[in-house]
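[1] using only what follows, build the 3D model:
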Amino acid sequence: MKDTAVRLFFRMALGSYLRVRVRGAAHLPDSAYLICFNHPSWTDPLILLGFWPDARRRLHIFGPREMNMSVGKRNAIIRWGERGVPFQPGGRDIVEVTRRATAVLRGGGLLAVAGEGRLSDREGEALPLEVGVGHFALLAGVPVVPVAISGTRWIRFGKTVRVTIGKPVTLGGLARGRAGARQLTDRVQRSLDVLLQGRHDTRRPGPVGRWISELFNERPWLIEGRDGASSRNE
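    Just a heads-up that it's a prediction; the model follows:
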């Protein structure tokens, strides 16, 4: 009952403002898998929670990167949904968070990981993925499903957001240990880059849309008014 309520809540909340289109559901495996998605916006994990087409398994989100999940409106939503696998900044709880992440997958659930490790700055362009993507998948013995999200960097009322699901990246032919995790992550990167080709946002929204777009985004590396290259390309 709670799983259905969480799914309907995010579907209705986001669907009242955006048009979400999901493609590629036929690629999804019949068993547990890790989802690796690009991450241009705070809305991305919520879109996955509301619109992911595989309702047979519970979807968990890897994150947020928080020391204290008891404060903040965003964290209140995550606590209510009971879908987050939070971790501490700097990876100080790496052993425990790895245990929690792999337990989700070994238990038959789904784990969605923003593999870039932070928000990306441009639509249709994934940053280099962190090796944790391959590490979790190898430890749990599950394939990785690459997912390209486009249309969320700048959102406005009625805008179409596309979620494109790629073919699973399997574990065959990999080296052992960290080298294998790196190989698997690189394979996922190539698949994700192909899915994102041609995905570019050319029009920024008005004041309300810009406010909603940046509501929970954290980009300390960008300085307002000085990110000229990024603004021209988004």
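[2] now do the same contact list for the residue lying closest to residue 40 once chain neighbours are set aside.
    Nearest residue to residue 40 in three dimensions, chain neighbours excluded: residue 153, at 4.1 Å (Cβ to Cβ, 6 or more residues apart in numbering). From N, CA and C alone the C-beta is placed, and that goes for glycine too. Contacts for residue 153 (Cβ atoms under 8 Å, 6 or more residues apart in numbering) come out as 40-41, 120, 122-123, 201, 213, 234.
[3] just the helices in this structure please.
    Here the chain has its helices, by DSSP state H, at 2-15, 44-51, 73-81, 94-106, 132-140, 177-196, 207-213, 228-233.
[4] which among the ones you listed is found nearest to residue 112?
    helix 44-51 (5.3 Å; Cβ to Cβ).
[5] what is the closest one packed up against?
    helix 2-15, strand 19-23, strand 34-37, strand 59-65, strand 110-114, strand 144-150, strand 160-165 (3 or more Cβ pairs under 8 Å, 6 or more residues apart in numbering; DSSP states H and E).
[6] how far is that helix from where the chain is centred?
    8 Å (Cα atoms, centre = their mean, to the nearest Å).
[7] same thing with stretch 132-149?
    Worked out by Cα atoms, centre = their mean, stretch 132-149 lies 12 Å from the chain centre.
[8] go on, stretch 118-125?
    The answer for stretch 118-125 is 12 Å, by Cα atoms, centre = their mean.
[9] where does pLDDT dip in this protein?
    1-2, 64-83, 87-92, 202, 220-234 (pLDDT under 70).
[10] switch the cut-off to 80
    The model of the chain has pLDDT under 80 over residues 1-3, 63-93, 200-203, 216, 218-234.
[11] nearest to residue 22, of the helices of the chain?
    Across these, closest to residue 22 is helix 44-51 (Cβ to Cβ), at 5.6 Å.
[12] what's the angle between that closest one and strand 59-65?
    160 degrees (axes from the mean of the first three to the mean of the last three Cα atoms, to 10 degrees).
[13] quick check: the residue nearest to residue 185 when sequence neighbours are not counted vs residue 24, distance?
    Distance criterion Cβ to Cβ, 6+ apart; nearest residue to residue 185, sequence neighbours excluded, is residue 134 at 3.9 Å. Distance, residue 134 to residue 24, using Cβ to Cβ, to the nearest Å: 21 Å.
[14] got it, and residue 132?
    The gap separating residue 132 from residue 24 is 24 Å, by Cβ to Cβ.
[15] next: residue 53.
    For residue 53, the distance to residue 24 - Cβ to Cβ - is 9 Å.
[16] return every residue with contacts to both of those two.
    If you check residue 53 and residue 24 against Cβ under 8 Å, 6+ apart, the residues they both contact are residue 165.
[17] higher neighbour count, the two?
    Using other Cβ atoms under 10 Å as the criterion, residue 53 and residue 24 rank with residue 24 on top: 17 against 13.
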